[in-house]
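# Here is my input, please return the structure:
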Amino acid sequence: MSHGPAKGLSRWFLATNHKDIGTLYLWFSFSMFLLGGSFAMIIRAELFQPGLQLIEPNFFNQMTTMHGLIMVFGAIMPAFVGLANYMIPLMIGAPDMALPRMNNFSFWLLPIAFAILASTLFMDGGAPNFGWTFYAPLSTTYAPPSVTYFIFGIHIMGLSSIMGSINIIATIMNLRAPGMTLMKMPLFVWTWLITAFLLVAVMPVLAGAVTMMLMDIHFGTSFFSAAGGGDPVLFQHIFWFFGHPEVYIIILPAFGVVSEIIPTFSRKPLFGYASMVYATAAIAFLSFIVWAHHMFTVGMPLVGELYFMWATMLIAIPTAAKVFNWITTMFKGSITFETPMLFSIAFVFLFTIGGFTGLMLAIAPADMQYHDTYFVVAHFHYTMVAGAIFSMSAAIYYWLPKWTGRMYNESMGKVHFWISFLGFNLTFFPQHFIGLAGMPRRIPDYALQFADFNMISSIGAFIYGASQLLFLYNVIATIKYGEKTTVKKTWEGANGLEWTQPSPLPYHTFTTPPEFK
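Model (predicted):
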């Protein structure tokens, strides 16, 4: 009996091909992006004007919790894992990922984990309502019954991340083509190698935190209960020892994507390749030793505040090195502004704003004012949305012609970019001001003086949300009806090698011939 390639649904359920699994990750993450985004729309609709309009405060808290959890763990992380699955074997000349069946398993854990998490919305007592950072004792002593399912979902999701990371490390270390040394790898591969080590290091810490929560809730322990001799602040230490490297897990692959795209559209090699690799490694190392800058208000010793303040500021140095390298790559380049480049330039500009506000939050005495206000919300959305999601959009426009053999609608891509850029800045820039004026986050009502900026913010959020539907339409239209990409030009270089540039531009293949370098 012959076993040909699987057809129909079984092709996807039993997939071991890295491209199929990458595709599954990307579609799953986009569906979670739409779900998490719909929760954000409920939040912004409630905050459109002062007073309680649409929902109860408890449901508002459930929406903020589910929005954060689904966006971080369900949308952004799986999207970059999907890119890694699809592109890393192609970039390093590997036939597939090192562990294909584990790859399949690590993907199919995700829909199970997020089905469990989403199902809490329909349980007695409702979904988790304690914020995406699930601080104890709010998430232990005072939590709804659904918290147990939430913990189970987090465990499964963490298992998926660890297996995916082991697979990426094994692939990059063992399956590179002959002659491809580590310092010849594309930067996207480098950023993912470092990210995978981060994930393997910190996911067990998150598992430890939620297991301790489980013990406090069901088995009579008092890890986080002061009444039983525990310490609620201990939870914050454990959570942020996971949570701070986590934000770099989200942003490092974005750095890799932008480091691929900017040289392509500048028609120049990336400036400072080695320094980019070392800067990425430095950011990863420093991310482990700055966790308590999220905790300046808990009453830690002054020497602790000073240490975490200076260590946090130190991260600005390798990050700035990356930004300067991207700008130098563009300097005097033959730049064209196709959609992926627009998203990448916006990434550099907006992520830098997020970096500056991060420096403001790093200043311990000033953080007493900023902490838990909308200033923090603005800061991390400038890094998460303008960072991770803008770079993800850039990556999809950049590689979609390679994946499908068809060209997307460039005009529609540019319209998507400009609507996204406008909507994003309308949403989050005013939040800096209301945060500095003292508006607390995660509260469904607010004082009258914050009304105008909140209205602008909500309008911006609906504009940004609508632009993602345009993006979805463009991707589906490309797959179904896009113009096929064909090879048009061939250069012959001084060393006798040939370079091809398909047309219409599928940007992934552009290589500068040696006579133009």
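
# what's the burial count for Trp27?
Using other Cβ atoms under 10 Å, Trp27 has 15 other residues around it. C-beta coordinates here come from the backbone N, C-alpha and C atoms, glycine included.

# What mean pLDDT does whatever helix or strand it lives in get?
Using DSSP states H and E, Trp27 sits within helix 18-46. Averaged over helix 18-46, pLDDT sits at 97.

# in it, what counts as buried?
18, 20-26, 28-30, 32-33, 35-37, 39-46 (16 or more other Cβ atoms under 10 Å).

# in the helix or strand that it is followed by, what counts as buried?
Next helix or strand after helix 18-46 toward the C-terminus (DSSP H and E): helix 57-69. For helix 57-69, a neighbour-count test (16+ other Cβ under 10 Å) marks 59-69 as buried.

# Surely Pro440 touches Val376?
No - in this structure, Pro440 is not within contact of Val376 by Cβ atoms under 8 Å, at 10.0 Å.

# Those two - which one has more neighbours?
Neighbour count, other Cβ under 10 Å: between Pro440 and Val376, Val376 has more, with 19 against 12.

# Using PDB, list the CA coordinates for whichever helix or strand that one is part of.
Under the criterion of DSSP H and E, Val376 resides in helix 374-383. Provided in PDB are the C-alpha atoms of helix 374-383 (Å, rounded to 0.1, in the frame of the first residue of the first chain):
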ATOM      1  CA  TYR A 374      -2.100  55.000  30.800                       C
ATOM      2  CA  PHE A 375       1.500  56.200  30.200                       C
ATOM      3  CA  VAL A 376       2.600  52.600  30.700                       C
ATOM      4  CA  VAL A 377      -0.200  51.400  28.300                       C
ATOM      5  CA  ALA A 378       1.000  53.900  25.700                       C
ATOM      6  CA  HIS A 379       4.700  52.800  26.200                       C
ATOM      7  CA  PHE A 380       4.200  49.100  25.800                       C
ATOM      8  CA  HIS A 381       1.800  49.400  22.800                       C
ATOM      9  CA  TYR A 382       4.500  51.500  21.100                       C
ATOM     10  CA  THR A 383       6.800  48.600  21.500                       C
END
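
# Give me the angle between that helix and helix 18-46.
Interaxial angle of helix 374-383 relative to helix 18-46 (axes from the mean of the first three to the mean of the last three Cα atoms, to 10 degrees): 150 degrees.

# Tell me which other helices or strands helix 374-383 touches.
Where contact means 3 or more Cβ pairs under 8 Å, 6 or more residues apart in numbering; DSSP states H and E, helix 374-383 is packed against helix 232-266, helix 339-362, helix 410-436.

# Can you pull out the residues in contact with it?
Contact with helix 374-383 is made by 247, 251, 350-351, 353-355, 357-358, 360-361, 370, 427-429, 431-432, 434-436, 439-441, as judged by Cβ atoms under 8 Å, 6 or more residues apart in numbering.

# pLDDT value on Thr486, please?
According to the prediction, Thr486 has pLDDT 76.

# whoops, Tyr507 was the one
Looking at Tyr507, its pLDDT is 44.

# number of nearby residues for the residue nearest to Phe417 when sequence neighbours are not counted?
Distance criterion Cβ to Cβ, 6 or more residues apart in numbering; nearest residue to Phe417, sequence neighbours excluded, is Leu342 at 4.6 Å. When neighbours are defined as other Cβ under 10 Å, Leu342 has 22 of them.
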